[in-house]
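structure for the following, please:
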Amino acid sequence: MRHRMGGMYIPAIILERHKGSKMKVQKIVSLDEQTMAISQRMTNFSQWVRISLRQYDLGEDLATETMRRIRWAKAAHMLAATLIEKGIEIDEDYKGTVDELIKKAMDQTTLEEYE
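Below is the predicted model:
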């Protein structure tokens, strides 16, 4: 038995094996030359498509998500600037920049790595 999933037919046995997992299903997207060139400049086109589809499902457009991310980035920048000001109060010789502080925070995986 086969099931239709997003334009693809998937054998039932494969669906059973991956039940509950985040199995990725490949889907073909038709692009013209201009949109193909745009997609080739993107780091992760598939991720962008998944985010776009989730936003569509929530009734939001990409502009809404983009504005949310811009606001988050501004908030992160302001927080980093505040931390640097506080750091200078504690250590007058601190010479790091806001961007360095943000990069360090974004690259860390544990609190201990931040020290």
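
domain ranges for the protein?
Under the assignment automatic domain parsing, the domains of the chain span 1-29, 31-60, 65-114.

in JSON lines, list those domains along with mean neighbour count and mean pLDDT.
Any C-beta I mention is one placed from the backbone N, CA and C, and that applies to glycine too. Formatted as JSON lines, the domains of the chain follow (neighbours: other Cβ atoms under 10 Å; pLDDT from 0 to 100):
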{"stretch": "domain 1-29", "mean neighbour count": "10", "mean pLDDT": "59"}
{"stretch": "domain 31-60", "mean neighbour count": "11", "mean pLDDT": "88"}
{"stretch": "domain 65-114", "mean neighbour count": "12", "mean pLDDT": "76"}
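
next SSE downstream of the biggest helix by length in the chain?
Using DSSP state H to define each element, the chain has its longest helix at helix 62-90. Using DSSP states H and E, the helix or strand that directly follows helix 62-90 along the chain is helix 98-107.

that following helix packs against which elements?
Where contact means 3 or more Cβ pairs under 8 Å, 6 or more residues apart in numbering; DSSP states H and E, helix 98-107 is packed against helix 62-90.

what is the orientation angle of the helix it packs on with helix 98-107?
110 degrees (axes from the mean of the first three to the mean of the last three Cα atoms, to 10 degrees).

just checking, what packs against helix 62-90?
Against helix 62-90 (3+ Cβ pairs under 8 Å, 6+ apart) you get helix 45-57, helix 98-107.

how distant is it from the center of its chain?
With Cα atoms, centre = their mean, to the nearest Å as the basis, helix 62-90 stands 17 Å off its chain's centre.

orientation of it relative to helix 45-57 in degrees?
Angle of helix 62-90 versus helix 45-57, following the same axes, to 10 degrees, is 110 degrees.

next one: Ala81 from Ile88, what distance?
11 Å (Cβ to Cβ, to the nearest Å).

now swap in Thr43 and tell me
Per Cβ to Cβ, Thr43 is found 35 Å from Ile88.

what's the answer for His77, then?
In terms of Cβ to Cβ, His77 sits 17 Å off from Ile88.
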